[in-house]
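Novice: Quick check, what structure comes out for this input:
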Amino acid sequence: MQILKYIILFFILVSCSLLGRYLSKKYVIRVKDLEQMKNALNMFKTKVKFTYEPIPEIFESIAKNLDYGVGQVFLEAKEKMMTKTAQISWEEAIEESKNGFTKEDKYVLKTLSKLLGQTDVEGQISQIEITEKFLDSQLKEAQKEKEKNEKLYSKLGTTIGLAIVIILC
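Specialist: Numbering: from 1, shown residues only. Next up, the predicted model:
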């Protein structure tokens, strides 16, 4: 009977520790997704500047070079462009994305849609650069939050697990 009690306490401790790590991962994922989006926008800017390809083709090419999360945003926007404007397609793809983006991140990314497909190459490039600058500030904020909260949640989960184990002993 005593062994069963210790096994249950061990699982409580491990469960709380894993929960803390799980909660801390959202900060890591947000930083990773923002960095990937920044790289994607850089690719977008380069392709717009030098290849003169249509936006749907550029989005498809970018999606192939990225991980599933951020790449999926570009694929969804490309698919929506079959029936909707580039602006609406991009905004909907950002809003529906299942990434680690916060509301502020999504708002910043939606600013790209204002001139998407509506102006000449220089206008689009300037809009991409503006979005990149806003994204840089979001990335800095996300890195600060990650540094602060990643360890906090990991240690908090373990500490709560230990507290529960001590109380139940």
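Novice: Could you use CA atoms for every contact and neighbour count after this?
Specialist: Will do.
Novice: Give me the residues contacting stretch 157-166.
Specialist: With contacts defined as Cα atoms under 8 Å, 6 or more residues apart in numbering, stretch 157-166 is touched by 9-10, 12-21.
Novice: meant to ask about stretch 56-74, not that
Specialist: 33, 36-37, 40, 43-44, 47-48, 75, 77-79, 81, 90, 93-94, 97-99.
Novice: Quick check: residue 77 vs residue 121, distance?
Specialist: 19 Å (Cα to Cα, to the nearest Å).
Novice: repeat for residue 107
Specialist: For residue 107 relative to residue 121 (Cα to Cα), the value is 23 Å.
Novice: re the thing from before, in helices, which of the contacts of stretch 157-166 fall?
Specialist: The helices, defined by DSSP state H, take in 9-10, 12-21 from the contacts of stretch 157-166.
Novice: Show me which of those residues is closest to residue 147.
Specialist: residue 21 (13.6 Å; Cα to Cα).
Novice: Now for that closest one: which residues touch it?
Specialist: Contacts of residue 21 (Cα under 8 Å, 6+ apart): 150, 153-154, 157.
Novice: which of those tops the neighbour count?
Specialist: residue 157 (24 neighbours; other Cα atoms under 10 Å).
Novice: What subset of the contacts of stretch 56-74 is buried?
Specialist: 33, 36-37, 40, 43-44, 47-48, 75, 77-78, 81, 90, 93-94, 97, 99 (16 or more other Cα atoms under 10 Å).
Novice: how about low-confidence regions in this protein?
Specialist: 115, 117-119 (pLDDT under 70).
Novice: how about the helices in it?
Specialist: 2-50, 55-64, 68-80, 86-96, 103-110, 121-168.
Novice: what separates the spatially closest residue to residue 81 that is not a sequence neighbour from residue 156, distance-wise?
Specialist: Leaving aside its sequence neighbours, residue 81 sits nearest to residue 89 (Cα to Cα, 6 or more residues apart in numbering; 5.7 Å). According to Cα to Cα, residue 89 and residue 156 sit 41 Å apart.
Novice: These two - which one has more neighbours?
Specialist: residue 89 (23 against 17).
Novice: Contact partners for the more buried one?
Specialist: Counted by Cα under 8 Å, 6+ apart, residue 89 has contacts 76-78, 80-81.
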